[in-house]
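In: From the sequence below, what's the structure:
(one chain, ligands or ions: 1)
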Amino acid sequence: MAIFAPLDCFIYCVLGWFTHMVYKTWRNIYRDPLVKIPGPKLWASFRLPYVISLWRGRLVYGDIVRVAPNEVSFATEAAWDDIYCHRSGHSPFLKNPIWWGEVPGRAESIVSASTTKNHERLRRIIGSCFTDKAHVEAEPSVQQHVSKLIEKLTERVSGSKSGSYIVNIVDWYMFTTFDIIGDLGFGDSNAFGCLDNSTYHPWVLEIFSYFKLGALLSTIRFYDMLAQVIMRALPANMVKAQEKNYQWACQKVHRRLNLEVQRRDFMSKLLPHFSPDAGMGDETRKLSPTELENNFYVLTVAGSETCGTVLSGTTNYLIKTPDSLRSLTEEVRGAFQDPNMLTFESLSKLPYLNAVIKEGLRLSPPVGGALSHVVPEGVTLCVEFGSPVAYTNVGVHQWSLYRSATKFHKSTAFIPARWLEPALSDPESPYHADHRDAVQAFSTGTWACIGKQLGLAELRLILARMVWNFDLSLPVNGNNVVWEKQKHYVLVQKEGFDVELSMRSDLRG
Ligand code: HEM
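Out: Below is the predicted model:
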């Protein structure tokens with residue numbers, strides 16, 4: 001009987017692995033059902049180039065691109081419906097579990113629900129926080145925090161000898177959006193106290209660091225064994241800090257749960273759907289305590305960072321396109337003599353403000369990369385490229401779609417007019433043929449943003465109050481940021497930038 005020495009065994013293993021890799025690469029490039037889909041051969045051969053690109057915070061571009069052996073990124077309007085909307089007679093394209101893996105000890109949330117049934121159930125329950133009635137009831141809280149933002153900035157501007165004050169506006173927007181969500185979510189108008197203290201609450205800062213870390217760790221899940229090793233090797237203090245961060249939010253939830261007050265916040269809407277004894281496994285059941293905790297955690301993050309990004313991006317473009325800023329300022333000031341007249345309802349009717357926001361969502365979507373879903377069996381997608389591609393990861397790449405020169409005239413320029421007359425109805429307008437329906441920054445279909453109405457109302461109110469109260473400009477010596485040069489780790493890694501604020505001349509005291 002031949003006995004292999006350990007060195008021989010090792011060499012045979014390496015040779016075997018090498019042969020397997022060569023075969024796999026050859027098959028990925030020449031025999032895979034996705035071979036007809038355009039994309040760099042290297043990316044089609046291995047997942048590593050895609051992972052490296054994500055690690056570097058860079059997004060990939062192209063209309064339909066095979067970005068990894070089993071992943072295709074779409075920048076086409078049709079893909080919105082194909083991937084994210086219910087298609088009669090077809091199974092749904094479920095979320096890619098790589099990005100929404102289970103966290104041990106936590107119940108599923110609306111964004112991580114692994115089955116359609118549980119997602120439907122959670123969406124129905126959480127939807128009670130976002131009805132038209134809930135929207136009206138949320139307005140006083142939102143108004144209160146936006147007024148505080150203006151008050152704090154006014155103090156700074158009026159206290160400055162030069163008559164103007166330079167602020168890192170990203171921070172101030174984030175202070176505001178987190179304070180709003182802290183109030184609506186935890187029923188505590190000072191849950192984070194960012195505006196009052198003019199600084200980030202430590203919990204918020206920690207959350208920011210987890211965005212990047214979470215995205216990086218998710219990419220490791222593409223390599224199952226490596227992921228297991230790395231997850232086990234994570235420093236204990238890091239894991240502990242993350243758990244502490246989560247527990248802080250849970251405590252806030254329980255504090256609110258025990259408050260015997262009538263508040264028109266998210267909890268007041270969820271209480272009828274909550275039961276401390278709710279068990280698992282029954283799709284009609286009420287929210288259990290751990291579900292309540294995790295879903296509040298998700299709402300807090302989903303409802304703040306996103307709005308902060310769009311406000312920051314839109315302002316960044318506005319201060320660099322003075323004509324747009326002037327038109328917006330004139331519209332808002334011309335429509336309202338008093339800041340109390342700026343309401344959810346009245347602002348929803350301002351054409352230029354809404355065009356500015358649409359353009360802001362186009363050029364600074366909070367989730368720029370593709371929201372990855374998995375193709376179910378028996379479904380065809382992008383038929384021009386061949387056979388059905390079951391189990392392929394697919395998603396609409398918002399950043400590529402919205403900046404595509406074939407879909408938008410002067411696609412990288414900030415032009416609110418593309419959303420208004422005459423662009424809408426005049427075929428002579430260079431913007432008439434723009435693919436406006438392609439812009440779905442809130443996503444669409446089954447998993448679309450449940451907080452869209454609230455998000456839009458916040459964007460309108462904050463932007464409108466800013467230009468109603470202040471003259472905004474790009475400071476000569478301030479910290480500037482080119483929005484499109486920032487890195488993306490699923491969400492935009494926002495760098496702060498400065499805006500110069502001065503009181504509008506007729507309000508100077
Ligand atoms: C400008 C503001 C916002 C933008 C652009 C935005 C964008 C998005 C996008 C793209 C998704 C889809 C995510 C996915 O498929 O995984 C989403 C989902 C979601 N958003 Fe928003 N969002 C915004 C504001 C808000 C606000 C204010 C809230 C709540 C307070 C919120 C709560 C949620 C929730 C709970 C989901 C998950 C929905 C589901 O899976 O059924 N969002 N949002």
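In: need the contact list for the residue nearest to Val136 when sequence neighbours are not counted.
Out: Counting by CB to CB, 6 or more residues apart in numbering, Val136 lies nearest to Phe344, which is 7.6 Å off, once chain neighbours are set aside. To be clear about C-beta, it is placed using only N, CA and C from the backbone, and glycine gets the same treatment. Neighbouring residues of Phe344 by CB atoms under 8 Å, 6 or more residues apart in numbering: His135, Val136, Glu139, Val142, Ala457, Arg460, Leu461.
In: In which helix or strand does the fourth one reside?
Out: Secondary-structure element containing Val142, defined by DSSP states H and E: helix 132-159.
In: Could you dump the contacts of Phe344 into JSON lines and include neighbour count, distance to Gly303 and pLDDT?
Out: Below are those laid out as JSON lines (neighbours: other CB atoms under 10 Å; distance: CB to CB, whole Å; pLDDT from 0 to 100):
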{"residue": "His135", "neighbour count": "16", "distance to Gly303": "13", "pLDDT": "96"}
{"residue": "Val136", "neighbour count": "12", "distance to Gly303": "17", "pLDDT": "96"}
{"residue": "Glu139", "neighbour count": "16", "distance to Gly303": "15", "pLDDT": "97"}
{"residue": "Val142", "neighbour count": "23", "distance to Gly303": "11", "pLDDT": "97"}
{"residue": "Ala457", "neighbour count": "21", "distance to Gly303": "12", "pLDDT": "98"}
{"residue": "Arg460", "neighbour count": "23", "distance to Gly303": "15", "pLDDT": "98"}
{"residue": "Leu461", "neighbour count": "25", "distance to Gly303": "14", "pLDDT": "98"}
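In: Pick out the most distant pair among the residues you listed.
Out: Farthest pair in those (CB to CB) is Val136 and Arg460. Separation: 14.9 Å.
In: Pass me the low-pLDDT residue ranges in the protein, would you?
Out: Low-confidence segments of the chain (pLDDT under 70): 1-4, 60, 260-261, 279-284, 382-384, 386-388, 508-509.
In: residues in it within reach of the ligand, list them.
Out: Neighbours of the ligand within the chain, by CB under 6 Å from any ligand atom: 110-111, 123, 181, 298-299, 302-303, 306-307, 310, 366-367, 371, 441-443, 447, 449-451, 454-455, 459.
In: quick one, phi psi at the residue in the stretch 301-450 of the chain positioned nearest to the ligand?
Out: Nearest to the ligand in the stretch 301-450 of the chain, going by CB to the nearest ligand atom, is Gly303, at a distance of 2.6 Å. Per-residue torsions, Gly303: phi -90, psi 0 (degrees, to the nearest 10).
In: again, but for Ile166
Out: When read as degrees, to the nearest 10, the backbone of Ile166 gives phi -100, psi 120.
In: what about it, neighbour count?
Out: Residues within reach of Ile166, counting by other CB atoms under 10 Å, total 19.
In: Isn't it up against Ser502?
Out: No. Between Ile166 and Ser502 there is no contact under CB atoms under 8 Å: 10.3 Å.
In: before we move on, the earlier item: and the residues of the chain next to the ligand, which of them are in helices?
Out: Among those, the members found in helices (DSSP state H) are Arg123, Ile181, Val298, Leu299, Ala302, Thr306, Cys307, Val310, Leu454, Gly455, Leu459.
In: List the contacts of the last one.
Out: The neighbourhood of Leu459, defined by CB under 8 Å, 6+ apart, consists of Cys307, Val310, Leu311, Thr314, Ile357, Gly360.
In: Wait, the second one touches Ile357, no?
Out: Read it as Val310. Yes. With contact defined as CB under 8 Å, Val310 and Ile357 form a contacting pair (7.5 Å).
In: All the helices of the stretch 151-300 of the chain, in order from the start?
Out: Remark: helices assigned in the stretch 151-300 of the chain by DSSP state H, counting those that start in this stretch are 169-186, 194-197, 202-220, 224-233, 236-258, 266-270, 289-302.
In: re earlier: what's the burial count for the residue of the stretch 301-450 of the chain closest to the ligand?
Out: By other CB under 10 Å, 24 other residues sit near Gly303.
In: before we move on, the earlier item: tabulate the contacts of Phe344 (a markdown table), appending distance to Gly89.
Out: Shown next, in a markdown table, are these (distance: CB to CB, whole Å):
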| residue | distance to Gly89 |
| --- | --- |
| His135 | 35 |
| Val136 | 39 |
| Glu139 | 42 |
| Val142 | 42 |
| Ala457 | 37 |
| Arg460 | 39 |
| Leu461 | 43 |
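In: So which of those is the closest to Asn245?
Out: For those, the nearest to Asn245 is Val142 (25.1 Å; CB to CB).
In: Relative to the ligand, how far out is that closest one?
Out: 10 Å (CB to the nearest ligand atom, to the nearest Å).
In: Name all residues that make contact with that residue.
Out: Shown in contact with Val142 (CB under 8 Å, 6+ apart): Ile180, Leu184, Phe344, Leu454, Ala457, Glu458, Leu461.
In: from those, which single one is nearest Thr131?
Out: Using CB to CB, Leu454 is the member of those that lies nearest Thr131, at 10.8 Å.
In: pretty sure that closest one contacts Val136?
Out: No. Here Leu454 does not reach Val136: they are 10.9 Å apart, not a contact under CB under 8 Å.
In: Could you tell me how many residues sit around Val482?
Out: 10.
In: Of the ones in helices among the residues of the chain next to the ligand, select the buried ones using a ChimeraX command.
Out: Of these, the buried ones go into a single ChimeraX selection, burial set by 16 or more other CB atoms under 10 Å:
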select :123,181,298,299,302,306,307,310,454,455,459
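In: show me what contacts the closest residue to Lys152 other than its chain neighbours?
Out: In this structure, Lys152 finds its nearest non-sequential neighbour in Leu195, 5.8 Å apart by CB to CB, 6+ apart. By CB under 8 Å, 6+ apart, Leu195 lies in contact with His145, Lys148, Leu149, Lys152, Phe175, Thr176, Asp179.
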